[in-house]
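J.: I'll drop the sequence and a predicted model, then ask my questions.
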Amino acid sequence: MRVATILFLCFTVIPAFETWLIIRVGERFGATETVLSLILAGVLGAWLGKRAGATVLRELFAGLREGVPPADKIVEGGLALVGATLLVTPGYLSDAVGLLLLFAPVRRWLAPRVKGAVWSWLAQRGFKFVGGGGPGPTARTRASSERQFDHPVAE
């Protein structure tokens, strides 16, 4: 998708739909209940976001102590932050997506996919990954590919 299309969706279509949805909920349940539900979602989002972020940080540091690469946990932390931000933002659709992102199983499933998509996007734009920092061969295949370059190639 083009950047302009994504920006149009994020800043025009989605907020317009959220506004329409808030109006419909307000007509159905009343203005006071609607406003209170949005405030409650914001408070809940702040609390859940803090809790999810702390959990991800604990898991990140535990993984670092064990030698586990941190990329997936860093992406999970970013997803938790996005989820909390969406819950704090008024709107029912954003609340639903934000709540999903705060569930650890959803983040764990989504993190490697987001990381892969970002690295693929960067690779298509000419970024090079060195030192095992990006997607590439596993340690076993890397070792075997390094072996094939141990001997000079005859020209």
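T.: Received the coordinates, thanks.

J.: quick one, what contacts Phe29?
T.: Contact analysis of Phe29 by C-beta atoms under 8 Å, 6 or more residues apart in numbering lists Ser37. Bear in mind the C-beta positions are built from the backbone N, C-alpha and C, glycine included.

J.: how far away is it from Ala4?
T.: Distance, Phe29 to Ala4, using C-beta to C-beta, to the nearest Å: 37 Å.

J.: now swap in Ile22 and tell me
T.: 26 Å.

J.: who has more neighbours, the two?
T.: Ile22 (19 against 8; other C-beta atoms under 10 Å).

J.: could you check which helix or strand contains the more buried one?
T.: helix 14-29 (DSSP states H and E).

J.: so how far is the helix or strand that that helix is followed by off the chain centroid?
T.: Using DSSP H and E, the helix or strand that follows helix 14-29 in sequence is helix 31-65. Here helix 31-65 is found 14 Å from its chain centre; the criterion is C-alpha atoms, centre = their mean, to the nearest Å.

J.: average pLDDT across helix 31-65?
T.: Helix 31-65 shows a mean pLDDT of 90.

J.: tell me the angle the next helix-or-strand element following it makes with helix 31-65.
T.: Counting by DSSP H and E, the next helix or strand C-terminal to helix 31-65 is helix 71-88. Angle, helix 71-88 to helix 31-65, by axes from the mean of the first three to the mean of the last three C-alpha atoms, to 10 degrees: 170 degrees.

J.: send me helix 71-88 as PDB with only the CA atoms.
T.: C-alpha atoms of helix 71-88 as PDB (Å, rounded to 0.1, in the frame of the first residue of the first chain):
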ATOM      1  CA  ALA A  71      14.300  -8.500  18.600                       C
ATOM      2  CA  ASP A  72      11.000 -10.300  19.200                       C
ATOM      3  CA  LYS A  73      10.600  -9.000  22.700                       C
ATOM      4  CA  ILE A  74      11.400  -5.500  21.600                       C
ATOM      5  CA  VAL A  75       8.700  -5.800  18.900                       C
ATOM      6  CA  GLU A  76       6.300  -7.200  21.600                       C
ATOM      7  CA  GLY A  77       7.100  -4.200  23.800                       C
ATOM      8  CA  GLY A  78       6.200  -1.900  20.900                       C
ATOM      9  CA  LEU A  79       3.000  -3.800  20.300                       C
ATOM     10  CA  ALA A  80       2.100  -3.500  24.000                       C
ATOM     11  CA  LEU A  81       2.800   0.300  23.700                       C
ATOM     12  CA  VAL A  82       0.600   0.500  20.600                       C
ATOM     13  CA  GLY A  83      -2.200  -1.500  22.400                       C
ATOM     14  CA  ALA A  84      -2.100   0.800  25.400                       C
ATOM     15  CA  THR A  85      -2.200   3.900  23.200                       C
ATOM     16  CA  LEU A  86      -5.100   2.500  21.300                       C
ATOM     17  CA  LEU A  87      -7.000   1.800  24.500                       C
ATOM     18  CA  VAL A  88      -6.300   5.400  25.800                       C
END
